[in-house]
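Colleague: Need a 3D model of the sequence below.
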Amino acid sequence: PEQGSTWGMSIHYEGECFVGTDLRIELDGVVRANDTCYYRINGDIYYPSEGPHTLTVTMVKDGVDISSVRRDVVVDTIAPAPPTVTDPANGSTIRKVPVTVTGTANTDARVELVNADGSVDPTSTVAANGTWSIVLDRAWFEARGLLTGKAQTVRLRFEAVDAAGNRSAPTFVSWSVRAR
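Modeller: Reported below is the predicted structural model:
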């Protein structure tokens, strides 16, 4: 893994090694696996505890350590709090497009607009001050058949996703769209 990277339910490691060497994989100084190198190493340590860890992979030849790589990683299995939508507020009437949706969320997350089919578009990275924004342009409204000028209700689902891939509970907002 990259130095300082964040992981969820497992820590993945991979890389090149000298063919025929033995490999010792340690997490926080405890041997978690031994393997033999066949040019590349590729594996996972499953269900590590929450928090910071040190992963060390050592190549061993004839009982002598010949090379080690050490990486500090963080295991995060806790979902972020659901994002808030501050504008347009739930129950608002949308009369003009584009619409800039704003809100707040955990600073280590991105906010996703999740479509009814589970696909995601668009997304926003949460700023250092905890705010986010997503612009819903004319094409977004047109693709959903919402620019008829007649009142239509649209329900949107927003979720926060942190660096480890943990997904928050959803936040739903409904708007009346009367734009053309």
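Colleague: Stretch 123-134: end-to-end distance?
Modeller: 7 Å (CA to CA, to the nearest Å).
Colleague: Now that stretch: average pLDDT?
Modeller: On average, the pLDDT along stretch 123-134 is 96.
Colleague: which residues does residue 51 contact?
Modeller: 74-75 (CB atoms under 8 Å, 6 or more residues apart in numbering). The way it works is simple: take the backbone N, C-alpha and C, and place the C-beta from them, glycine included.
Colleague: Pairing partners for it in the sheet, please.
Modeller: As for beta bridges, residue 51 partners with residue 75 under DSSP bridges.
Colleague: do residue 132 as well
Modeller: With DSSP bridges as the rule, residue 132 is bridged to residue 103.
Colleague: Can you tell me how far residue 24 is from residue 13?
Modeller: Separation of residue 24 from residue 13 (CB to CB, to the nearest Å) stands at 12 Å.
Colleague: Need the overlap of contacts for these two.
Modeller: residue 57.
Colleague: ok, the two, which is more surrounded?
Modeller: Between residue 24 and residue 13, counted using other CB atoms under 10 Å, the more crowded position is residue 13 (21 against 16).
Colleague: I figured that one was touching residue 44, is that so?
Modeller: Yes. Using CB atoms under 8 Å, residue 13 makes contact with residue 44 at a distance of 7.4 Å.
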